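Undergrad: Starting from these lines, generate the structure:
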Amino acid sequence: MLQLSPRALRKRFASKVGLSPKLWLQLSRFDEFLRAEPAPGSLADAAAAFGFADQAHMTREFTRFAGVPPARYATARASVSAPKAAPHFVPAS
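TA: Numbering: from 1, shown residues only. Model prediction:
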């Protein structure tokens, strides 16, 4: 359709975007995962929802970009974003 070989298409993509198509796809998927609202469910369910082959594939890729496994990231994210109780305010009389 584009009359380009796969290699020429990869080279053109990399020259325009600055990343290989594969790395761009991996980073795009990682970004989607980070922006998603935390949903209850297993990591296997999350892996399937974001197009990974399996949970191990998602864990390897996530750890590569984030430096921590997704389970540890989710735990840290939950503790940071958990709403804290507002301090009780009693006006001075």
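Undergrad: Kindly list the longest helix within this protein.
TA: helix 21-35 (DSSP state H).
Undergrad: could you point out which element follows it?
TA: Using DSSP states H and E, the helix or strand that follows helix 21-35 in sequence is helix 43-49.
Undergrad: May I see the buried residues of that next one?
TA: Residues of helix 43-49 classed as buried by neighbour count (16 or more other C-beta atoms under 10 Å): 43, 46, 47. The C-beta positions use only the backbone N, C-alpha and C, and glycine is treated the same way.
Undergrad: and what of stretch 8-28?
TA: Per 16+ other C-beta under 10 Å, stretch 8-28 contains these buried residues: 13, 26.
Undergrad: who's in contact with that stretch?
TA: With contact meaning C-beta atoms under 8 Å, 6 or more residues apart in numbering, stretch 8-28 is reached by 2, 4, 61, 65.
Undergrad: again with stretch 45-64
TA: With C-beta under 8 Å, 6+ apart as the criterion, stretch 45-64 contacts 26, 29-30, 32-33, 36, 39, 42-44, 69-70, 73.
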